[in-house]
Every structure is written in C-alpha cells, then in structure tokens.
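Q: could you look at this predicted model? Sequence included:
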Amino acid sequence: MKKFYSFLFLLLFSAISYSQVILSLDDDRIYIDSIAAIAKNAHSDSVKSIYSFKLSKLYLMIQDVQKSKEYLQQANRLKTKFPFLNDASIFYNSYNFLEKGDANGFEKALLEANTKLKKYNNTEAYRLRAIVLQNYGVMQQRRNNEKGYMRILVNEAIPVAKKSGDYELISGLYKAVAIIFMNNNDREKASEYLRDAQYYIELATKKSPTLAESKMETYIINAENLVELKRFYDAKKVLDKAYSTLENHPESNLNDSYFYSEGIYYAKQNKHEKALESYEKGIKSAEKHFNQIALNRLKFAEYEVLFKLKNYDKAKANLEYLLEKTPFIVDKKNYYNELSKIYNATKNYDKAYFYANKYNVINDSLNDTKFQTEIVELEAKYKKAENEKKITLLQSANEKAALLVNNNRLNSILFAVLSVLLFLIVLFLWILNKNQKKLSVQKEINHEQELSALENQQKLSVSNALIEGEEVERKRIARDLHDGLGSMLSGLKIHLKLAEKENALSPAEINTLLDNSIKELRNISQNLMPESLLKLSLEHALRDLCTANSNAKTKIEFQYLVQKPNLPKNYEIVIYRIIQELLNNALKYSGASEILVSCSQNKDTFFITVEDNGIGFDVSNKNNSGMGLRNIKNRVEILKGKLEIESELNKGTSAYIELKIKNETVSNG
C-alpha cells in the first residue's frame, strides 16, 4: 500500500486509524487482482455489481483514482435491477459529495443509506450499516460532538457490526471508542475497549487488504496504553506479538509507531539507554517513510529521555528541530517552554528568560486572539452603523429644510390635524390597553385554574396507577406464596404425618423438600428486592437480572457505561424496577432472540436503552398500553424523566429513557 495521508480513505473505508498515514505491511495488489478476477468472470450482474463497488474502494485505497471511477460506473450500471444494490449504492456513491467538498451532502447520503439498509437482514447489509454509522459518527466528531460520536459507536455501530460477523470491523470500532477515551486521558476505560479490539482482531481470519495492518496497529496502540497504565508485563506481551510479525517486514511504516511504543515502555521503567535505542530505530524508520507526525512524536519522546540524562546539547537539538518542523503554534509554545527549562538547567539564564518570554507571549496571544478578533468585528460594525446614522441624519435635515421653505402653511395645518389624531389615538390605545389588561388577568386566572385541575388530575392518575400496580404485585406475591411455597410446605406436612405413622419418609427426602421450599422463598424474596442491589450496586443487580433472564432462546447483552456511580438508593430501586419491567415485557411479548440493555450517565442525567429484535408492535395503538407500560411511565414521571418508545412490526422495539437524578455525596469519614 502507498504511504500517504488521506482523510477520505480513513473516513470511507475503515474505523479511524490512530495514525494519520495509511499503514503498510504487505502487497495488497495480489488481493485486489483476485477480486478483479471474480468480478470479471462472474456470470451474474448482481455479483459483478457488488464486487465492482468493492473494487472502486480498493483502487481508491491505492490511489488509482481512474480505475476507482471506472469500477464505480460499472457497478452503478449493473445495479438497477437489484433493490439491495440500489440501496447500498447510496453509500458507495457518497464519496462524490466529499470529492466536491460537500460535507452536508455526504452526511445526508449516509443517513439515507442507513435508513434504506435497515430493511435487509443479510450480513453484507449489517456490515455496510456499521461502516455508514461509523462514518457518520466521525462527521459528528469533526463538529466537536464527541459525545454523539461515542453514542453512535457504542449504541448503534458496534451492535450492528456484531450481526455482520466481520471481526476486523468490530475490532476497528472498539478501537475507535478506545481512542476517544485515550484522547480524554481515561486510560482505564480505553484499556477495556482495546482488550475487546484485540480479542476480535485475533478472531478475524477472512482475508482483507487491511487485516494484517489492523492487527499490528491494535497491538501497538494497546501496548502504548498499557505502558501509560504502568502494566509493563502485559505491555511487553503485546509488543512481542507485534514484533514477531514486524521483524519479517523491516520496511513497513508500522515500525514508526512500534518503536515509539517500545521506547516509552523502556523510558517509563527508567531504562533510558534501551529507550534511546528504540527511539533511534523509530526515527530512522519515520524519516524513510516521510512520516512527519510519527517523527515529531519520536523526537520529543527522545528529548524527554535526554533531558533526564542531562544530555542538554542533544536535547536542545531535538527541540530546535521540532520548532523548525512543526506547523502548529500550540506545539511551538510548548517547545519554547522546554527550551527555557534546558537553558535554566545549564545556567544560561538570559536565554532561559528569552524563551520563557516567547512562551508567555504566544500563550497570551492564544488567549487574547479570539477576544481581539471579537473587538475588531464589533468596532467595524460600530463604525459602519455610525456612518449610516450620520448619512441618514443629514438626508433627514435637508428634507426637513426643503419642506419648511415650500410648505410652511401646509405643515401648520397638518400639525393641528395630526395633534388631534394623535390625541384620539392615544386615548384609544389607553382604553384598549386597559381592557387588554383586564382580559389578560382573567385569562391568567383561568389558565392557573386549568393547570391546577390538570395537575390534580395527573396526581390522581399516578396515585391510581401506583395503587393498581401495588394490587397486581400483591396478587402476584400471594399467588407465588400460595402456589409455590404454600404447596411445598403443605406437601412437606403431609409427608411428615405419613412418616410418623409409617416411617415412609427418609431424612434425606425431608431435607430435599425443605431445600426446595427455601429456594422458592429466596426466588420470591429476590423478585421483591434483589439482595445484590442492597449489598453491592445497581450494576451488579442489573447484571444478575440480565444473566438470570438469559436463556437458550433469548440472549441478553448488558452494558453499564457509568464511570463513578453515586446514585441515591431510592433512585437505584426505581431504575432497577423500570429495567425489570422492560425486560419482562420484551421476554413475554416480543419473541426476541437478542435484547440489549445499556445504561450510561452524563452529569445529572441517567440514560437507559433497551432494544430487542422481536416482532414489535404498533406504538400508536392505545390498546397496546398495558399495566406494565403504565407502571414504567409512572416511575419515569416520579424521577421527572422522559420515555420514548420506537417500534415497527417485525422490526423490533427500542425504549429510550432519560432520568433526572440527584447525585448523593459520598462521605469519606
């Protein structure tokens, strides 16, 4: 593969790479030629079309734009008779919008492609949807909506990718989530997603032009993150996996980032000489591949070790190189600060002051630039408004003078008439205003009365629903006690009486009956209030709930993305009951084979998502609103939350809930 940076390649054909060059390990033209042979020899127009679409992407990847366009035209020509290919082509042709610089058109095409492909349940449709969703998420990230990008990856792209069975794609999406956490310095959370990324990339066996590169990149990023977490033993194992392949490809540009990770592995353990050896190898590799971004990272990492070793001359040379090569003013500011430290360490205080001053000037400039720009814009607007005002006043004065000279008598008459009219208008407006105030006061009183009546009615409705729900729960508990525990204890009593008369029941059988009765009592108790919720946490209780309800027919996946949970216990109970009711409804009515339960939190808002791939139902039909759904709505209203349910027949059901919560402060004493 050619070594060049291409935003379009990164955006359209893979999960976002950690580096900003296209990674190269082996020759991909052999794979591309094999795909071209399949497309050429295929007898079916549908097969030719789908492989032509794939070839258009692959040739773009190796920068053969002409062939890419030829295969895209051929695919579009052959697709017309096939509904799936017509819908898939929306994604493949979306590249044209980016080529024209139309980012909005590209986003609209992605959304349209995702909507069209939802009606297909084949693996290729799932794979394309995952790529489409990930690309749309990247566009949100470019608009500084990183939260939206994360939500799309976790809640939409990854679940769809798992249905496709494309392990390389799944790994790339997990890796993209991990990089978001790394950018926000949440290394622990990043480690969880990198572990999954490595797991899936090692499962991948399907040949692709990026598989080998993706695997090596995953190892390198994971190793770097493990080093930052000071998990050196784990980092060394991952680095060794990468090296076992890279030692056979000394010309690969993956060595640029590998030697950086190896270098910081040694540097963090104060093995400075080994770190410098790794950095030197990485620098030579990056220079050979013209990879300036990797080269700058390696040079700065090398500088940090040289500074610790008090090799100030070489450390200074690295910073001077970086100052010359970096295009970013923020980086230059940091390099000036480091130069000041070097000159201060060598007691060259004049230069230390000089570079410290340059650092402060840039720092102040960066802080003031936006403010100064706003001042200049406001000043320009002010001057323009003042000039327009002067011109208007001058014109008005000239017109008045002309009117006074030519129409003095007429103006006097008009003045008298206007005065009378003005008096009448003022009088009319005063009377109208007085009447309007009276009407407004009356309307406000009526409105308050209506609001009060609605509030009372709502409270009564909630109370009735809660009472009705409690009655249903009491009946269920009574039924469980009567039919389950009651019948077991009655049977035990009968057996004991028979045992007294005939010695027909052994102690082991009595113990078995007692054990079954105790288990039944525990099941009833668990339904009333789960012990894990009281003693452990909401996450443990929900995980137990999902595990207990999973079976051979229905798989329940649970995701808990709350970093530092500190919910009051009464909120945890309400949240547990809401999810329990949603799961019961899904298991009872949907006939789903997969259910996703996801919980996350942002500040004082707690998000719940429960999705299934079952038979769905008509949300607009009021007859579908049973007791379970009313209980959920009432509990959501108690926490002043929002409930949104989306469902279509035979397309599954999704429930989205936002709850306003009050975080409780945990005492350290």
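A: It's in.
Q: what helix or strand is the residue sitting furthest away from the middle of the chain on?
A: Most distant residue from the mean C-alpha position of the chain: Arg409, 76.2 Å away (C-alpha atoms, centre = their mean). Following DSSP states H and E, one finds Arg409 within helix 408-479.
Q: secondary structure of Lys640: a strand, I assume?
A: No. Assessed with DSSP: H, G, I helix; E, B strand; the rest coil, Lys640 is coil; it does not lie in a strand.
Q: quick one: it from Ile573, how far?
A: Lys640 sits 16 Å away from Ile573, going by C-beta to C-beta, to the nearest Å. Backbone N, C-alpha and C define where each C-beta goes, glycine included.
Q: likewise for Ala197?
A: Distance of Ala197 to Ile573, computed by C-beta to C-beta: 36 Å.
Q: compare those two (neighbour count), which wins?
A: Taking other C-beta atoms under 10 Å, Ala197 and Ile573 do not tie; Ala197 has more neighbours (29 against 18).
Q: wait, the more buried one sits on Leu169?
A: No. Using C-beta atoms under 8 Å, Ala197 makes no contact with Leu169, being 11.1 Å away.
Q: any stretches of the stretch 1-150 of the chain with poor pLDDT?
A: 1-33, 35, 38-39, 59-63 (pLDDT under 70).
Q: now do the helices in it.
A: 7-13, 29-41, 45-61, 65-78, 83-92, 95-99, 103-117, 123-142, 146-152 (DSSP state H, counting those that start in this stretch).
Q: can you redo those as JSON lines with distance to Ile608 and mean neighbour count?
A: Listed next are the helices of the stretch 1-150 of the chain as JSON lines, based on distance: least, C-beta to C-beta, whole Å; neighbours: other C-beta atoms under 10 Å:
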{"stretch": "helix 7-13", "distance to Ile608": "32", "mean neighbour count": "17"}
{"stretch": "helix 29-41", "distance to Ile608": "44", "mean neighbour count": "14"}
{"stretch": "helix 45-61", "distance to Ile608": "38", "mean neighbour count": "21"}
{"stretch": "helix 65-78", "distance to Ile608": "42", "mean neighbour count": "17"}
{"stretch": "helix 83-92", "distance to Ile608": "31", "mean neighbour count": "20"}
{"stretch": "helix 95-99", "distance to Ile608": "36", "mean neighbour count": "16"}
{"stretch": "helix 103-117", "distance to Ile608": "23", "mean neighbour count": "18"}
{"stretch": "helix 123-142", "distance to Ile608": "21", "mean neighbour count": "21"}
{"stretch": "helix 146-152", "distance to Ile608": "13", "mean neighbour count": "18"}
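Q: can you list the ones you listed in JSON lines and add distance to Ile632?
A: JSON lines is the format used below for the helices of the stretch 1-150 of the chain (distance: least, C-beta to C-beta, whole Å):
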{"stretch": "helix 7-13", "distance to Ile632": "40"}
{"stretch": "helix 29-41", "distance to Ile632": "50"}
{"stretch": "helix 45-61", "distance to Ile632": "43"}
{"stretch": "helix 65-78", "distance to Ile632": "47"}
{"stretch": "helix 83-92", "distance to Ile632": "35"}
{"stretch": "helix 95-99", "distance to Ile632": "42"}
{"stretch": "helix 103-117", "distance to Ile632": "28"}
{"stretch": "helix 123-142", "distance to Ile632": "28"}
{"stretch": "helix 146-152", "distance to Ile632": "22"}
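Q: quick one: closest of those helices to Tyr258.
A: With C-beta to C-beta, the closest approach to Tyr258 among the helices of the stretch 1-150 of the chain belongs to helix 7-13: 19.8 Å.
Q: any regions of the stretch 501-650 of the chain where pLDDT drops low?
A: In the stretch 501-650 of the chain, residues with pLDDT under 70: 501-507, 509-510, 513, 515-529, 532, 624-627.
Q: let's go with 50 and repeat that
A: Of all residues in the stretch 501-650 of the chain, none has pLDDT under 50.
Q: would you mind listing the buried residues in the host helix or strand of Ala190?
A: Secondary structure assignment for Ala190, by DSSP H and E: helix 187-203. Across helix 187-203, burial judged by 16 or more other C-beta atoms under 10 Å covers Arg187, Lys189, Ala190, Ser191, Tyr193, Leu194, Asp196, Ala197, Gln198, Tyr200, Ile201.
Q: which ones are touching the fifth one?
A: In other words, Tyr193. By C-beta atoms under 8 Å, 6 or more residues apart in numbering, the residues touching Tyr193 are Tyr174, Lys175, Val177, Ala178, Phe181.
Q: among those residues, which are located in helices?
A: In this view, those that belong to helices under DSSP state H are Tyr174, Lys175, Val177, Ala178, Phe181.
Q: among the helices of the stretch 1-150 of the chain, which comes closest to Glu247?
A: Glu247 sits nearest to helix 29-41 of all these, at 22.0 Å, using C-beta to C-beta.
Q: skipping its backbone neighbours, what lies nearest the residue nearest the centre of the chain in space?
A: Geometric centre of the chain, nearest residue: Met150, 1.1 Å, by C-alpha atoms, centre = their mean. Distances taken as C-beta to C-beta, 6 or more residues apart in numbering place Ile180 nearest to Met150, at 5.7 Å, with adjacent residues excluded.
Q: swap in Leu203?
A: Tyr167 is the one closest to Leu203 (C-beta to C-beta, 6+ apart), at 4.5 Å.
Q: what's the burial count for the one you found?
A: 20.
Q: give me the below-cutoff pLDDT ranges for the stretch 351-500 of the chain.
A: Ranges of the stretch 351-500 of the chain meeting pLDDT under 50: 369-383, 385.
Q: try 90
A: 351-353, 355-424, 426-500 (pLDDT under 90).
Q: quick check: buried residues in stretch 601-617?
A: In stretch 601-617, counting by 16+ other C-beta under 10 Å, buried: 601, 606-617.
Q: pull the distance from it to the chain's centre.
A: 14 Å (C-alpha atoms, centre = their mean, to the nearest Å).
Q: end-to-end on that stretch?
A: Terminal residues of stretch 601-617 lie 29 Å apart, using C-alpha to C-alpha, to the nearest Å.
Q: does His289 touch Leu254 like I think?
A: No. Contact criterion C-beta under 8 Å: His289 and Leu254 do not qualify, at 9.7 Å.
Q: tell me which of those two has more neighbours.
A: Using other C-beta under 10 Å as the criterion, His289 and Leu254 rank with Leu254 on top: 24 against 19.
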